[in-house]
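**Q** Any chance you could fold what I've pasted below:
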Amino acid sequence: MKRLVILGSGGYGRTVYDVAEQLGYSITVLDDSDKENPLDSFSLYIDHDTQFIPAFGNNKFRLECVERIEKAGGKTATLIHPSAYVSPKACVSDGCVILPGAIINTGTRIGKGCIINLGATVDHDVIVEDGVHLCVRCIVKGENRITRCEKIEAGEIIERATRK
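**A** Coordinates of the predicted model:
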């Protein structure tokens, strides 16, 4: 059984915990509720059987955490809920969490440290750069580029090929 260390214990941290539990991980949470910085102690957990997920809603901070983990020699996990669909011809990078009901279609590339939230749809040939959050039930139609650390709000629709 692989161990997962979740950095952060807020709402998103609890969401990540739920998905990780369903995927069979042994979970450790580095709690930040007392204003402690979980990055102060994460390196104590680095070993060949442990992966990390920074569970922070702040896109820039989450991506900085992914990069700090990698620099320290840690491995970031990629969590994909069983009810999500990810095309075998799509690429999802490390440190991402794909939540229930999300769809990632063919030819799409998801950068590191992204959140693809509940029911979000990413159509064909979309590039989602590092640190992006695609919120609940948003739709990104084909042939778009979502830029680094951008947030697409819940229910928002990005029309086909309008962002290159």
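**Q** Can you name the element that comes right after whichever helix or strand residue 60 is part of?
**A** In this structure, residue 60 sits in helix 59-71 according to DSSP states H and E. Next helix or strand after helix 59-71 toward the C-terminus (DSSP H and E): strand 75-76.
**Q** contacts for whichever helix or strand comes after that next one?
**A** Next helix or strand after strand 75-76 toward the C-terminus (DSSP H and E): strand 79-80. Strand 79-80 is contacted from outside by 16, 19-20, 23, 53, 86, 92, 96-98, using CB atoms under 8 Å, 6 or more residues apart in numbering. Using the backbone N, CA and C atoms, a C-beta is placed for each residue, glycine as well.
**Q** Put together CSV for these, with pLDDT and secondary structure on each row.
**A** Listed next are those as CSV, based on pLDDT from 0 to 100; DSSP: H, G, I helix; E, B strand; the rest coil:
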residue, pLDDT, secondary structure
16, 97, helix
19, 97, helix
20, 98, helix
23, 96, coil
53, 97, strand
86, 98, strand
92, 98, strand
96, 98, coil
97, 98, strand
98, 98, strand
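**Q** I appreciate the help and will end here.
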